[in-house]
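1. The sequence and its predicted three-dimensional model are supplied below.
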Amino acid sequence: MRRPTSIDRTPLLWRTPARTLSHSSLDPNEDPAAGLERVSSSSNLYDRRKRQERLREQEGRLRRNRRRSVIGHEHTLSEKYESLDYEIVENELYRAAEMDKDHQKKLFRRSVNRWVVCFLIGVFTALVAACIDVLVYYNSKLKFHIVINGLVQICEHGRIGDSGCTWIILFTWALYNCALVSIAASLVLFVSPVAIGSGIPQIKCFLNGVQIPGVVRLRTLIAKVIGVSCSVGGGLAAGKEGPMIHSGAVVAAGISQGRCISIPFDSGLFKYFRNDHEKRDFVSAGAAAGVSAAFASPIGGVLFSLEEGASFWNQALTWRMVFTAMISTFTLNCFISFFYGQFGQLSWNGLANFGTFDNQSKSYGIWELPLFALVGLIGGLSGAFFQFFKYEAFSISKILYSNEKTTFFGMHVGCDSIRLYWIYHFIVN
């Protein structure tokens, strides 16, 4: 067996590995021109490889986004909504119509008809408000004056004990409230879901150019009127004022177009107003009429549309809005004064009813202003907390509850309101 001629006795850690050429650095023993060419080509290959990886990542991201945006996918939030066309298309037909010799007469006729439509919007919005007020009045009268008072008389003549009579009245009261609340909830869930809430956010979206399906349809108005009447009559902490904005907008949209898609019905009137541009202005006037009918404040209605609703404004629209709001307030006052047997009295506060106050002639001093500020602070914080709780509860209910469960949830809230009224009654008395 041959023995090795020499043995490398250098420690392993001290041994220098074989030299390898780096693709990104120059070798001192290499030709400079060849080294620069090699490094440049290596850098180009590296950049090209990184660019291809970025392109593949972008294509994958676009493919995933495209998959999410397919119509009908659960992540598509705007599949049901489109934008309204508020712009006037100035094409050859439009310019030819402007050159017509009767163009000025047509413009004058349309201007007069705009005022006529605004008058009709004010009148019919007031009639809708009066209808809501009358329905709430008869619901309350049926509940308190007929059902509950009748049960009290039956308990007194039947010699039923106080505890038994109390439970009978509470059960009947709860049953009546549940019936009204179930009607309101069923209309919103199964007839017109867009009628949920006050309707102010939906009208804001419409006036800003978002086409929400069914937001200004007749069935939405019917669900809104009956639902508000049943909600207030059923004891829920709801008001008649907010939904009047939505109701006025629906009335304005229907009258200005001269037709109804829900029935269907077409009167053939106001065909030149059947575009998004004209419809938007009339809906703004209808929202102002709704606020005016709710609070008996024409200027307040105009300011609401100016500040909160309309995104498109002009001077002519301002005067038509003021006219519409004044007609709405005047018509509502005439109808309510006639209904309550005081025809001609125009000092009603619209649909807002804060009850009667004793000692209204008393004045207040400057030392009471901090107390008023404290009351306002408490009310603002309570309202913010209520809105937060309402948003969270609504988000949970959309996940956990079906339509049937949501109806029973509303009935449960109506029953809980009775308990609060009962506690308040004992505290006051």
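-> On my side now, so go ahead.
2. contacts, neighbours, all on C-alpha from now
-> OK.
3. three-state assignment of the closest residue to residue 196 other than its chain neighbours?
-> Excluding the flanking residues, the one nearest residue 196 by Cα to Cα, 6 or more residues apart in numbering is residue 188, at 5.9 Å. Taken by DSSP: H, G, I helix; E, B strand; the rest coil, the conformation at residue 188 corresponds to helix.
4. In contact with residue 188: list those residues for me.
-> 194, 195, 196, 223, 227 (Cα atoms under 8 Å, 6 or more residues apart in numbering).
5. which secondary structure element contains the last one?
-> It stands for residue 227. Assigned by DSSP states H and E, residue 227 falls within helix 218-233.
6. And for that helix, what's in contact with it?
-> 128, 131-133, 135-136, 139-140, 177, 180-181, 183-185, 187-188, 191-192, 194-196, 214, 238-240, 243, 247, 250-251, 254, 260-262.
7. Take those residues and keep only those in helices.
-> The helices, defined by DSSP state H, take in 128, 131-133, 135-136, 139-140, 177, 180-181, 183-185, 243, 247, 250-251, 254 from these.
8. Report how many residues lie close to residue 276.
-> Using other Cα atoms under 10 Å, residue 276 is surrounded by 17 other residues.
9. Quick one, grab the pLDDT at it.
-> With respect to pLDDT, residue 276 scores 83.
10. any idea how far it is from residue 323?
-> Per Cα to Cα, to the nearest Å, residue 276 is found 22 Å from residue 323.
11. And residue 119, by the same measure?
-> Residue 119 sits 7 Å away from residue 323, going by Cα to Cα.
12. just to revisit the earlier point, out of the contacts of residue 188, which is nearest to residue 47?
-> Residue 47 lies nearest to residue 194 out of the contacts of residue 188, by Cα to Cα, at 54.5 Å.
13. Can you tell me the closest non-neighbouring residue to that closest one?
-> Per Cα to Cα, 6+ apart, closest to residue 194 is residue 215, 6.1 Å.
14. which residues sit in contact with that neighbour?
-> Counting by Cα under 8 Å, 6+ apart, residue 215 touches 194, 195, 202, 203, 250.
15. could you redo these as CSV and give each row pLDDT and neighbour count?
-> Output for these, formatted as CSV (pLDDT from 0 to 100; neighbours: other Cα atoms under 10 Å):
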residue, pLDDT, neighbour count
194, 86, 20
195, 85, 27
202, 87, 20
203, 88, 27
250, 92, 26
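16. Mind putting those into JSON lines with distance to residue 97?
-> Formatted as JSON lines, the contacts of residue 215 follow (distance: Cα to Cα, whole Å):
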{"residue": "194", "distance to residue 97": "38"}
{"residue": "195", "distance to residue 97": "40"}
{"residue": "202", "distance to residue 97": "35"}
{"residue": "203", "distance to residue 97": "33"}
{"residue": "250", "distance to residue 97": "31"}
